[in-house]
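Colleague: below are the sequence and a predicted model; questions follow.
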Amino acid sequence: MYSIAQKILFALNPETAHELSLDFMGAAERLHLLKPFVKTVPAQPVEVMGLTFPNPVGLAAGLDKNGDYFNALGQLGFGFIEIGTITPVSQPGNPEPRLFRLVDEQAIINRMGFNNKGVAHLVEQVKRRRYNGVLGINIGKNKVTPEENALSDYEKCMDAVYDCADYIAVNISSPNTPGLRNLQFGELFDQLLKGIKNKQAALAEQYGKYVPVAVKIAPDMTDEELESVVETLVANNIDAVIATNTTVGREGVENSTHVDEAGGLSGAPLTEKSTLVIKKLAKLLDGKMPIIGVGGIMDGEDAAAKIAAGASLVQLYSGFIYRGPELISESVKAIKVAKSVVSD
Ligand SMILES: Cc1cc2nc3c(=O)[nH]c(=O)nc-3n(C[C@H](O)[C@H](O)[C@H](O)COP(=O)(O)O)c2cc1C
């Protein structure tokens, strides 16, 4: 059924298709019409960051930026859903067009620029939570906030979402907010993480519960940069690392008409690059911190490869757009098989 829907949706402008399909799914869920059409996903519980995930396959950030659709998306069988990136104040994002499908390459280029309705709107949506899987909330800074004041934006978001998030993801790796990726390096990174950990400790005391914080990183780093990132993550006791966001590289899409569009590239051309980052992270971290693997999972084998590289959980975005909900159960099954082979 998804292949028919996809033919119709892919004939539309990508942003219209995105909104239309999510609105349709949201309405179907509210009318209790969604469940009968959804395949059940096998249970495969896994403990990560002190949380129990019903299965290791989640939805990556950016698809449901405002938390408007997670109740419907949750019915498709994801083990967890990450909503956001949300910023303290609503902002329009970059001018359209800003989302491009590279169908031949099974890829997407986006320069959305954190278009979102602001954190207060997201929190209102989360109050209407019917979804009972794990819910992550991905936070970012407003475009107008200078890099040196970034911490204050992350703190504002943490204040707002702490009580309703199962985990918080700190996004410092989108290529579409000028200067954001600079926050991943050096003193700026260390100061940011220290501030975030202090905020987490204060909120844990205030609410009497510990909400883990994961940090999402870019795939475009040298080995030295990655080493220094890991050192800072470990020194600051961050609860997990999410690898990776989209790439600014254009390897594998040189022949596409969209190759010169600015923005982050995701999907099949990112598969190997992000798996390599996970492998390097796993070696550097040596079990000190769990890894959530994301980037170019287009089939079950790609999902299993991320786990084999050292990830404890995986997330889907572009693969979900190209393959639809069947990719969720396919990934869960492939991970299960790969794990049983390892433990035999
Ligand atoms: C249209 C689009 C919007 C995205 N928005 C966000 C976002 O707001 N925050 C974020 O952390 N990642 C965002 N991402 C990155 C994805 O979460 C994911 O890390 C990346 O696309 C790689 O995974 P994939 O190859 O499976 O798509 C976005 C990706 C796409 C394609």
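Modeller: Structure received. Numbers count the residues shown, from 1 in each chain.
Colleague: where does the prediction get shaky in this protein?
Modeller: Judged by pLDDT under 70, the chain has its weakly predicted residues at 342-344.
Colleague: spell out which parts of the stretch 151-300 of the chain neighbour the ligand.
Modeller: With C-beta under 6 Å from any ligand atom as the criterion, the stretch 151-300 of the chain meets the ligand at residues 171, 174, 216, 245, 246, 266, 267, 270, 294, 295, 296, 297. Any C-beta I mention is one placed from the backbone N, CA and C, and that applies to glycine too.
Colleague: how about a cut-off of 5 Å?
Modeller: By C-beta under 5 Å from any ligand atom, the residues of the stretch 151-300 of the chain that approach the ligand are 171, 245, 246, 266, 267, 270, 294, 295, 296.
Colleague: just the buried ones among the residues you listed, please.
Modeller: When burial is judged by neighbour count using 16 or more other C-beta atoms under 10 Å, the buried members of these are 171, 245, 246, 266, 267, 270, 294, 295, 296.
Colleague: wait, doesn't the last one sit right on residue 305?
Modeller: No: applying C-beta atoms under 8 Å, one finds residue 296 not in contact with residue 305, separated by 9.9 Å.
Colleague: need the overlap of contacts for the two.
Modeller: Residues touching both residue 296 and residue 305 (C-beta atoms under 8 Å, 6 or more residues apart in numbering): 271, 275.
Colleague: now do the contacts for the residue of the stretch 51-200 of the chain found nearest the ligand.
Modeller: Ranking the residues of the stretch 51-200 of the chain by distance to the ligand (C-beta to the nearest ligand atom) places residue 62 first, at 2.1 Å. Taking C-beta under 8 Å, 6+ apart as the definition of contact, the neighbours of residue 62 are 84, 85, 110, 112, 138, 317.
Colleague: quick check, nearest of these to residue 236?
Modeller: Using C-beta to C-beta, the shortest approach to residue 236 within the contacts of residue 62 belongs to residue 138, at 18.5 Å.
Colleague: give the burial count for that closest one, as a bare number.
Modeller: By the other C-beta atoms under 10 Å criterion, the neighbourhood of residue 138 contains 25 residues.
Colleague: the residue of the stretch 51-200 of the chain closest to the ligand belongs to a helix?
Modeller: No: applying DSSP: H, G, I helix; E, B strand; the rest coil, one finds residue 62 to be coil, outside a helix.
Colleague: can you list contacts of the helix or strand containing residue 154?
Modeller: For residue 154, the enclosing helix or strand under DSSP states H and E is helix 150-161. Surrounding helix 150-161, the residues in contact under the criterion C-beta under 8 Å, 6+ apart are 86-88, 119-120, 122-123, 126, 137, 139-142, 145, 168, 170, 183, 191-192, 195-196, 199-200, 203.
Colleague: returning to what we had before: and of the buried ones among the residues of the stretch 151-300 of the chain next to the ligand, the nearest to the ligand?
Modeller: Sorting these by distance to the ligand puts residue 266 at the head of the list, at 3.2 Å, by C-beta to the nearest ligand atom.
Colleague: phi, psi of the closest one?
Modeller: Here is the backbone geometry of residue 266 (degrees, to the nearest 10): phi -140, psi 170.
Colleague: how near is it to residue 108?
Modeller: Shown here: residue 266 relative to residue 108, a distance of 5 Å by C-beta to C-beta, to the nearest Å.
Colleague: do the same with residue 173
Modeller: Plainly put, residue 173 is 16 Å away from residue 108 if you go by C-beta to C-beta.
Colleague: quick one: end-to-end distance for stretch 245-258.
Modeller: End-to-end distance for stretch 245-258, by C-alpha to C-alpha, to the nearest Å: 19 Å.
Colleague: got a list of contacts for it?
Modeller: Applying C-beta under 8 Å, 6+ apart, the set of residues contacting stretch 245-258 from outside is 100, 102, 104-105, 107, 109-110, 171, 173-175, 216-220, 259, 263-266, 268-270, 273, 295.
Colleague: helices and strands around the strand or helix carrying residue 7, which ones?
Modeller: When secondary structure is defined using DSSP H and E, the element that contains residue 7 is helix 2-10. Of the remaining helices and strands, those touching helix 2-10 by 3 or more C-beta pairs under 8 Å, 6 or more residues apart in numbering; DSSP states H and E are helix 14-30.
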